[in-house]
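**Q** Below is the sequence, then the predicted model.
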Amino acid sequence: MANYIVEAPHTGAQCLAAMDEIVADRPQLLDELSWGCMSGVHTGWANVEAESESAVWSMLPASQRDSWRVTKVEHFTEEQIRAEHEA
């Protein structure tokens, strides 16, 4: 399994409609997303484990996929960082 960050940007005007669609289409995703909307940053973020990036995309509401971003992320150890300096 790989780790992915999902970013769900939207405007203030789109905010409730975007969340309503998630509730209607993928309610389990609502538990995964953390939102910055109440701070004026209209974006949701989720840390998702999945077999592939395409598996993550299949979890997302179809009508919002054009504006969302999925990024594979990894942790680095001190040893990996040192090795990169030596390369």
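**A** That came through, no problem.
**Q** going forward, measure contacts and count neighbours with C-alpha atoms only.
**A** Noted.
**Q** ok, Asn3 touching Ala46?
**A** No: at 10.3 Å, Asn3 does not count as touching Ala46 under the criterion of CA atoms under 8 Å.
**Q** If we go by neighbour counts, what in stretch 67-81 is buried?
**A** 68, 70 (16 or more other CA atoms under 10 Å).
**Q** Helices of the protein, start to end?
**A** In the chain, the segments counted as helices under DSSP state H are 15-25, 27-30, 53-59, 78-86.
**Q** quick one: which of those is nearest Pro9?
**A** Minimum separation from Pro9 across the helices of the chain (CA to CA) falls at helix 15-25, 9.1 Å.
**Q** in the closest one, what counts as buried?
**A** Across helix 15-25, burial judged by 16+ other CA under 10 Å covers 18-19, 22.
**Q** Need the mean per-residue confidence for that helix.
**A** For helix 15-25, the mean pLDDT works out to 91.
**Q** Quick check: which helices or strands does that helix pack against?
**A** In terms of contacts (3 or more CA pairs under 8 Å, 6 or more residues apart in numbering; DSSP states H and E), helix 15-25 is packed against helix 27-30.
**Q** Pull the residues that contact the helix it packs on.
**A** Residues outside helix 27-30 that contact it (CA atoms under 8 Å, 6 or more residues apart in numbering): 22-23, 59-60.
**Q** And stretch 49-60, by the same measure?
**A** For stretch 49-60, contacts defined as CA under 8 Å, 6+ apart pick out 1-4, 26, 29, 48, 65, 70, 72.
**Q** Off-centre distance for that stretch?
**A** Put simply, stretch 49-60 sits 10 Å off its chain's centre (CA atoms, centre = their mean, to the nearest Å).
**Q** How far does that stretch stretch from one end to the other?
**A** Stretch 49-60 has an end-to-end distance of 13 Å (CA to CA, to the nearest Å).
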